[in-house]
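In: Could you look at this predicted model? Sequence included:
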Amino acid sequence: MRIAAIDLGTNTFHLIIAEQNANELQIVYKTNQPVKLGEDITKNNSIIPVAFERGINCLKEFKNVLLINDVTVVKATATSAVRSAINGQDFVDAVKDATDIDIEVIDGDEEAELIYEGVKLSGAITGKSLIMDIGGGSTEFILCDEENLIWKKS
């Protein structure tokens, strides 16, 4: 079975496709596009029309890649730009209409938890650690060790 993850960040959209076999994932495709969805978002707390269009066009391209690669499960997650923009839900709805991709908008705490899980799975945590993820629209601080997420702030 082929599965995909789409990360809709403030500056960059990422797509990764993996083949799932038993307990193993094999990456078969990976790309990113500098969409700059958060361009000028601080002026009126809104995704500007040109950025909105870039985001839709990028996800149309991603949808074609999903179809070509016979992907059966897609998880699309949006972070800071979509969650903070007054027209963020409009963007989510427009993506659904244009591509049939459902987007989950996550809050800063969930974003921090997912960052921790990703770093933990990579094996990069040794002892007490501070993870900082500096994104285009938010920054997450995570205090953790190999077993536990101790504290987080977005």
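Out: Great, that's in hand.

In: So what's the residue count around Asp102?
Out: By other CB atoms under 10 Å, 11 other residues sit near Asp102. Heads up, the C-betas are built off the backbone N, CA and C, glycines and all.

In: Does it touch Lys96 like I think?
Out: Yes. Judged on CB atoms under 8 Å, Asp102 makes contact with Lys96 at a distance of 6.3 Å.

In: in this structure, which spans are strands?
Out: For the chain, the strands identified by DSSP state E occupy 2-8, 13-21, 24-33, 73-78, 103-105, 129-134, 139-144, 149-153, in order along the chain.

In: of the ones you listed, which approaches Gly123 most closely?
Out: Shortest distance between Gly123 and the strands of the chain, using CB to CB, is found for strand 129-134: 12.0 Å.

In: from the chain's centre, how far out does that closest one sit?
Out: Put simply, strand 129-134 sits 17 Å off its chain's centre (CA atoms, centre = their mean, to the nearest Å).

In: can you tell me the average pLDDT over it?
Out: In this model, strand 129-134 has an average pLDDT of 91.

In: so how far is Ile115 from the residue lying farthest from the centre of the chain?
Out: Note on the chain: the largest separation between a C-alpha and the mean C-alpha position, by CA atoms, centre = their mean, falls on Gly127 (27.2 Å). Between Gly127 and Ile115 the computed distance is 18 Å (CB to CB, to the nearest Å).

In: got any ranges where the chain has weak pLDDT?
Out: Counting by pLDDT under 70, the chain contains no low-confidence range.

In: Show me the domain layout of it.
Out: As recorded under automatic domain parsing, the domains making up the chain are 2-105, 108-153.

In: ends of the shortest one, how far apart?
Out: Meaning domain 108-153. With CA to CA, to the nearest Å as the measure, the ends of domain 108-153 fall 8 Å from one another.

In: ditto for stretch 112-130
Out: Distance between the boundary residues of stretch 112-130 (CA to CA) amounts to 12 Å.

In: now what about that stretch, what contacts it?
Out: 77, 106, 131, 133, 140-146, 149-150, 152-154 (CB atoms under 8 Å, 6 or more residues apart in numbering).

In: Fine by me, thanks again.
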